[in-house]
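Undergrad: Would you be able to build a 3D model of this:
(chains A and B)
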2 protein chains.
Amino acid sequence: MNPVSVGKKLAELRGDEAPMPVAEFEAAIRAVGPERYHDLHPFHHMLHGGKLNKGQVQAWALNRFCYQSAVPRKDAALISRVYDRELRREWTHRILDHDGLLPDEEGGIERWLVLTDGLGLDREYVISRRGALPATVFAVEAYVTFVREQPLTIAVASSLTELFAPKIHKERIAGMLENYNFIDDKVMAYFKRRLTQAPRDADFALNYILENARTRDEQQACIDAVRFKCNVLWVQLDALYHAYVDGHIPPGAFRPEN
Amino acid sequence: MNPVSVGKKLAELRGDEAPMPVAEFEAAIRAVGPERYHDLHPFHHMLHGGKLNKGQVQAWALNRFCYQSAVPRKDAALISRVYDRELRREWTHRILDHDGLLPDEEGGIERWLVLTDGLGLDREYVISRRGALPATVFAVEAYVTFVREQPLTIAVASSLTELFAPKIHKERIAGMLENYNFIDDKVMAYFKRRLTQAPRDADFALNYILENARTRDEQQACIDAVRFKCNVLWVQLDALYHAYVDGHIPPGAFRPEN
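TA: I've put the predicted structure just below:
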């Protein structure tokens, strides 16, 4: 009996609402992107449309570093809860993609620092997160906590914004290279690599939740997890917009020179 | 100023007891082994001395699997708390050592299952942990929780039983190969690999705590963490002894056929 059939049977017995068919569940997950992924955010349009000055791009890269550098902690938090070796083995790739592997694989965080270097930011300052917006830090840590605490299937679902990532990365690569004279191919290496990494990870996670979310409630919690993760991303751009477009930079946060 | 000098200065200012010199601290850590590492346990002596029957060795391998298979969760719990990328990169090797890396590196847990296969145990039953002693499961999960919750330096210190591991692995390889006709070279692959992995990891972790435990209290907590970890290992052999040597097998636990 396939997972949905089991869930359907269970729902009948309990008098609960039946789980969605797999195709409907997948469509509901995918529908979250057009509804609220951060490619819809005005700050994203300004970024890839060449409407930001260098200081604003610096602020974006510096804040986004907080997110990038939290990702391996988030993935380790997930692995720390997994009793199934095959799932751990699959998920460990994500840590390696971001942190690299000693002695000489550098990983995505290093590639992000190549971007912040290229933007003229001090590497130690970026890594320290001292200049990051508090709203960024709170959003990022909310994500780590979510993955550490939610049921495993829901935690896996929160990674599914990767379904929507290739489009935004392509827009960023094209838009930023075309529109900013301080951006070149070298500093865009992070996004280029993610074009192949993200779809592979997203396919695995999507299949995992389609198979493991067996009740209507679990399915709904997975969809909500993708919404939650979209909020984590959206909040970061809202905070950037408020601080660096509208000019309300909070105390202690990075202040561009130009 | 080196870490101990800083700690000493701090202790003077606070009126606390000064931290131990590094050599004394290291000696205190190393002294925990001869005091309570599980190579002192009677069950270990029976195991490598050929005094156990096959059913007792099966019980040992099946219970020890719970410990082996918890190690990557424990290491991921540690990584999930680490903001320093270099420390994460170093520690991720431990996950790979145990879980391997897709597509084809198998890792230590697979090597352990080769041992339980060789002992004639059903692999699915071993992995399910259904036959494990509750005391084993509790001890192992206490270790995962310790690493998830204690301050990072103390969590790192709890791995330092690896300082004492090469000796016990050598004894096991020689003793088990010599004394049991159901043990051959192939099934001892796990221990052979650990002869090179454990010292490398232990050196790193030892240097880490020597550098990062800066007060007398932190040093003492590190020593206690090694004792705690020795207890985690000792409890497992006590439980095996009680169940399979003295013959008090608790309800639901594995019952050898012979």
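Undergrad: is it true that A:Asn207 lies in a helix?
TA: Yes: assessed by DSSP: H, G, I helix; E, B strand; the rest coil, A:Asn207 belongs to a helix.
Undergrad: The spatially closest residue to A:Ala135 that is not a sequence neighbour: neighbour count?
TA: Nearest-residue entry for A:Ala135: A:Ala239, 3.7 Å, with adjacent residues in sequence omitted and distances by Cβ to Cβ, 6 or more residues apart in numbering or on different chains. Just so you know, the C-beta spots here come from the backbone N, C-alpha and C atoms, and that holds for glycine as well. By other Cβ atoms under 10 Å in any protein chain shown, 24 other residues sit near A:Ala239.
Undergrad: Show the secondary-structure elements that the helix or strand where A:Ala239 lies is packed against.
TA: Here A:Ala239 sits within helix A:216-240, counting by DSSP states H and E. For helix A:216-240, the packing partners by 3 or more Cβ pairs under 8 Å, 6 or more residues apart in numbering or on different chains; DSSP states H and E come out as helix A:22-30, helix A:32-36, helix A:42-48, helix A:54-79, helix A:134-149, helix A:152-157.
Undergrad: and that helix, how far out from the chain's middle?
TA: Its chain's average C-alpha position is 10 Å from that of helix A:216-240, according to Cα atoms, centre = their mean, to the nearest Å.
Undergrad: Report the buried residues of that helix.
TA: A:216, A:218-223, A:225-240 (16 or more other Cβ atoms under 10 Å in any protein chain shown).
Undergrad: can you check stretch A:193-211 too?
TA: Quick answer for stretch A:193-211 (16+ other Cβ under 10 Å): A:194, A:197-198, A:201-202, A:204-206, A:208-210.
Undergrad: from what I can see the residue nearest to A:Ala135 touches A:Thr136, true?
TA: Yes: between A:Ala239 and A:Thr136 there is a contact under Cβ atoms under 8 Å: 5.8 Å.
Undergrad: Figure out the length between the terminal residues of stretch A:157-168.
TA: Using Cα to Cα, to the nearest Å, the end-to-end distance of stretch A:157-168 comes out at 19 Å.
Undergrad: can you check stretch A:116-133 too?
TA: In stretch A:116-133, first residue to last residue: 16 Å (Cα to Cα).
Undergrad: Contacts for that stretch, please.
TA: A:54, A:57-58, A:61-63, A:65-66, A:69, A:113, A:137, A:182-184, A:186-187, A:236, A:239-240, A:243, A:250, A:252-254 (Cβ atoms under 8 Å, 6 or more residues apart in numbering or on different chains).
Undergrad: now do stretch A:89-109
TA: Applying Cβ under 8 Å, 6+ apart, the external contacts of stretch A:89-109 come out as A:65, A:68-69, A:71-72, A:75-76, A:78-79, A:82, A:110, A:190, A:193-194, A:197, A:201, A:204, B:79, B:85, B:88-90, B:92-93, B:95-96, B:99-102, B:107.
Undergrad: Next, work out how far apart A:Leu160 and B:Pro250 are.
TA: According to Cβ to Cβ, to the nearest Å, A:Leu160 stands 43 Å off from B:Pro250.
Undergrad: the more surrounded of those two?
TA: The neighbour comparison of A:Leu160 against B:Pro250 (other Cβ under 10 Å) goes to A:Leu160, with 25 against 11.
Undergrad: From A:Asp99, how far off is that one?
TA: A:Leu160 is 22 Å from A:Asp99, by Cβ to Cβ.
Undergrad: A:Ala205 now?
TA: From A:Ala205 to A:Asp99 the distance is 19 Å (Cβ to Cβ).
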